[in-house]
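Trainee: Everything below, folded, please.
(2 chains)
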Protein chains: 2
Amino acid sequence: MHDDSIGRRGWIKLVGGAAGAGAALVVARQAGAAPPAAGKGMQAVPWPYAPLDPDATAERAFKGYLEGHCMYGAFDALAGQVADKLGAPYTSFPTRMFTYGAGGVAGWATLCGALNGAAAAFQLLSAKPEPLVDALFRQYEQAALPDWVPASAKFPNVKSVAGSPLCHASISAWCKASGKKAYSPERKERCGVLTASVARHAAIILNAQHAGKAFPVLEDKATAECASCHEKGGTLENTRAKMACGGCHFNLGTKHPAI
Amino acid sequence: MHDDSIGRRGWIKLVGGAAGAGAALVVARQAGAAPPAAGKGMQAVPWPYAPLDPDATAERAFKGYLEGHCMYGAFDALAGQVADKLGAPYTSFPTRMFTYGAGGVAGWATLCGALNGAAAAFQLLSAKPEPLVDALFRQYEQAALPDWVPASAKFPNVKSVAGSPLCHASISAWCKASGKKAYSPERKERCGVLTASVARHAAIILNAQHAGKAFPVLEDKATAECASCHEKGGTLENTRAKMACGGCHFNLGTKHPAI
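Mentor: Have a look, this model is predicted:
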């Protein structure tokens, strides 16, 4: 379905493994691979990785969120901890630049900053970042999050299912589930705790890939159904997406064929 | 309307300046500001900037797209050219990591990679990146793009209006305008030319800000109308976004109040 130019390899589907409504479990087995070649004058990635403690990663992400918002919180929790363990070349990296992703990039509410920061870290730390992105983004769409809350949290941190990797949809879903407003202190803390949950899961799957172990990737059957017509090789092939269609297309109208 | 925690300052609205359907022209005047403080153990941003030639930036972005896709193309065209001019500390920067944003992050079709890469470069190169993001993203939503095509282009590169900063919506709009498929050679080239157009505009506004000059920022009156109820301080305040609501909410259904 999504056999695009970025490529995807090594996927093994487990028959009958259900992980939620419309979801089947897929497991990606990660073998080692040569780092991508660097372009002229550029330093190659990935840089070396050192396994991370998931709970310590979550704590650091929550702290980082308070200092520099969601994207910085997730990126620093992953790459910043590796920097502390390994030193150079990380010591020269301007980690603070990832504050740009706050609120889905300067409040535009596009891609959730925690996902943007984790994806950036995956590319820096892994020779095969795409399966990590697929696993993390799909879990963010389908799971009730946050699934980790720091001891210092002030609020109950109501769980919600974002249904989308977008900041806007994620916040709307949380506002509905919690009954709280989008600029409330509860929402601000929730995004920090969500950043911590995302960074924690990112560390778990980075560790698994680094160790050559399998990690779970949820499937989205409803989106696969849409993609069968609209994505690569479909009759229409008139768009591109792995993100859940239902995150925005609530109402297909009367002209869309029955599905 | 969007007076969120990231902050926005120094906006001057020009009465009567129209720049498209539902759009008024706003001009941001950029004064110098101290760089943000770096967190513990992190290197501060911004790094030094050197003005860029917009057309050379576009050429480099198109070349970079062919090497590492959209996000890398935009980021490298901006930060990579500054690196070539200024050397350290840029020489140690792993520019190649920004391949992660390809196809709206590993094909997820979330935020357009050209915008993601330009926004990352803004945070690295400017002490006031948010007005640059606002100007670039709104232009991407509202303008017919690409507005710059390299001499080496193979196809006519039909213009389209994305109506959204998202890869998915941008590609769908282009497929409709061009009659071409989402994985066609024409679409692949179009995304390279669009990356070049975005990087070119990013260089123009970065140069303006660096010189203390004004640069135009389009306004979106329809989204402002939605925000008056749904965004900060509205009766509902049940979401967050600067991106155009109409990019996804095509059909408000029968339950939504008339607007």
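Trainee: residue ranges for the helices of the stretch 151-259 of chain A, please.
Mentor: Taking DSSP state H, counting those that start in this stretch as the test, the helices found in the stretch 151-259 of chain A are A:167-178, A:185-210, A:221-230.
Trainee: Adding mean neighbour count and distance to chain B, write these out as a markdown table.
Mentor: C-betas here are computed from N, CA, C, even on glycine. Converted to a markdown table, the helices of the stretch 151-259 of chain A look like this (neighbours: other Cβ atoms under 10 Å in any protein chain shown; distance: least, Cβ to the nearest Cβ, whole Å):
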| stretch | mean neighbour count | distance to chain B |
| --- | --- | --- |
| helix A:167-178 | 23 | 4 |
| helix A:185-210 | 24 | 7 |
| helix A:221-230 | 17 | 8 |
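Trainee: Make CSV out of those and add mean pLDDT.
Mentor: Formatted as CSV, the helices of the stretch 151-259 of chain A follow (pLDDT from 0 to 100):
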stretch, mean pLDDT
helix A:167-178, 98
helix A:185-210, 98
helix A:221-230, 93
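Trainee: for the ones you listed, which one sits closest to B:Gly234?
Mentor: Closest to B:Gly234 of the helices of the stretch 151-259 of chain A, according to Cβ to Cβ: helix A:167-178, at 11.7 Å.
Trainee: Please name every helix or strand in contact with that closest one.
Mentor: On a contact count with 3 or more Cβ pairs under 8 Å, 6 or more residues apart in numbering or on different chains; DSSP states H and E, helix A:167-178 meets helix A:185-210.
Trainee: Run the angle between the helix it packs on and helix A:167-178 for me.
Mentor: Interaxial angle, helix A:185-210 versus helix A:167-178 (axes from the mean of the first three to the mean of the last three Cα atoms, to 10 degrees): 120 degrees.
Trainee: tell me what helix A:185-210 is packed against?
Mentor: The helices and strands touching helix A:185-210, judged by 3+ Cβ pairs under 8 Å, 6+ apart, are helix A:54-75, helix A:113-125, helix A:129-142, helix A:167-178, strand A:215-218.
Trainee: highest average neighbour count across these?
Mentor: helix A:113-125 (a mean of 30; mean count of other Cβ atoms under 10 Å in any protein chain shown).
Trainee: Could you see whether chain B lies near that helix?
Mentor: Yes: interface with chain B: helix A:113-125 contributes A:Leu115, A:Asn116, A:Ala119, A:Ala120, A:Phe122, A:Gln123, A:Leu124 (Cβ under 8 Å from any Cβ of the partner chain).
Trainee: which of those residues sit farthest apart?
Mentor: A:Leu115 and A:Leu124 (15.0 Å).
Trainee: on that earlier part again, and of the helices and strands packed on helix A:185-210, who's closest to B:Lys181?
Mentor: Taking these one by one with Cβ to Cβ, helix A:129-142 is closest: 22.4 Å.
Trainee: is any part of the closest one close to chain B?
Mentor: Yes: using Cβ under 8 Å from any Cβ, helix A:129-142 comes into contact with chain B via A:Pro129, A:Glu130, A:Val133, A:Asp134, A:Phe137.
Trainee: will you turn the residues you listed into JSON lines that also has distance to A:Pro48?
Mentor: Output for these, formatted as JSON lines (distance: Cβ to Cβ, whole Å):
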{"residue": "A:Pro129", "distance to A:Pro48": "15"}
{"residue": "A:Glu130", "distance to A:Pro48": "20"}
{"residue": "A:Val133", "distance to A:Pro48": "20"}
{"residue": "A:Asp134", "distance to A:Pro48": "23"}
{"residue": "A:Phe137", "distance to A:Pro48": "25"}
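Trainee: which one of these is nearest B:Gln81?
Mentor: The closest of these to B:Gln81 turns out to be A:Pro129 (Cβ to Cβ; 25.5 Å).
Trainee: who's in contact with the closest one?
Mentor: A:Pro46, A:Ala119, A:Phe122, A:Gln123, B:Tyr100, B:Ala106 (Cβ atoms under 8 Å, 6 or more residues apart in numbering or on different chains).
Trainee: Which residue, other than its chain neighbours, is closest to the fourth one?
Mentor: Read it as A:Gln123. Excluding its sequence neighbours, the residue lying closest to A:Gln123 (Cβ to Cβ, 6 or more residues apart in numbering or on different chains) is B:Tyr100, at 3.6 Å.
Trainee: What number of residues are in the vicinity of that neighbour?
Mentor: By other Cβ atoms under 10 Å in any protein chain shown, the residues close to B:Tyr100 number 30.
Trainee: A:Ala83 now?
Mentor: 21.
Trainee: Give the other helices and strands that the strand or helix carrying it contacts.
Mentor: Using DSSP states H and E, A:Ala83 maps to helix A:81-86. Here helix A:81-86 touches helix A:54-75, going by 3+ Cβ pairs under 8 Å, 6+ apart.
Trainee: the inter-axis angle of the helix it packs on versus helix A:167-178?
Mentor: Going by the same axes, to 10 degrees, helix A:54-75 makes 130 degrees with helix A:167-178.
Trainee: what distance separates helix A:54-75 from the centre of its chain?
Mentor: How far helix A:54-75 lies from its chain's middle: 14 Å, per Cα atoms, centre = their mean, to the nearest Å.
Trainee: do stretch A:222-239 as well
Mentor: Taking mean C-alpha positions (Cα atoms, centre = their mean), stretch A:222-239 and its chain are 23 Å apart.
Trainee: how about that stretch as PDB, C-alpha atoms only?
Mentor: Only the C-alpha atoms of stretch A:222-239 are listed here, as PDB (Å, rounded to 0.1, in the frame of the first residue of the first chain):
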ATOM      1  CA  ALA A 222      -9.800   1.700   7.900                       C
ATOM      2  CA  THR A 223      -7.000   3.800   6.400                       C
ATOM      3  CA  ALA A 224      -5.700   0.900   4.400                       C
ATOM      4  CA  GLU A 225      -9.200   0.600   2.900                       C
ATOM      5  CA  CYS A 226      -9.100   4.300   1.900                       C
ATOM      6  CA  ALA A 227      -5.600   3.800   0.500                       C
ATOM      7  CA  SER A 228      -6.700   1.000  -1.700                       C
ATOM      8  CA  CYS A 229      -8.300   3.500  -4.000                       C
ATOM      9  CA  HIS A 230      -6.500   6.800  -3.200                       C
ATOM     10  CA  GLU A 231      -2.900   5.800  -2.500                       C
ATOM     11  CA  LYS A 232      -0.200   4.300  -4.700                       C
ATOM     12  CA  GLY A 233      -1.500   1.900  -7.300                       C
ATOM     13  CA  GLY A 234      -5.200   2.600  -6.500                       C
ATOM     14  CA  THR A 235      -7.700   3.500  -9.200                       C
ATOM     15  CA  LEU A 236      -7.600   7.200  -8.200                       C
ATOM     16  CA  GLU A 237      -4.000   7.500  -6.700                       C
ATOM     17  CA  ASN A 238      -4.900  11.100  -6.000                       C
ATOM     18  CA  THR A 239      -3.100  11.600  -2.600                       C
END
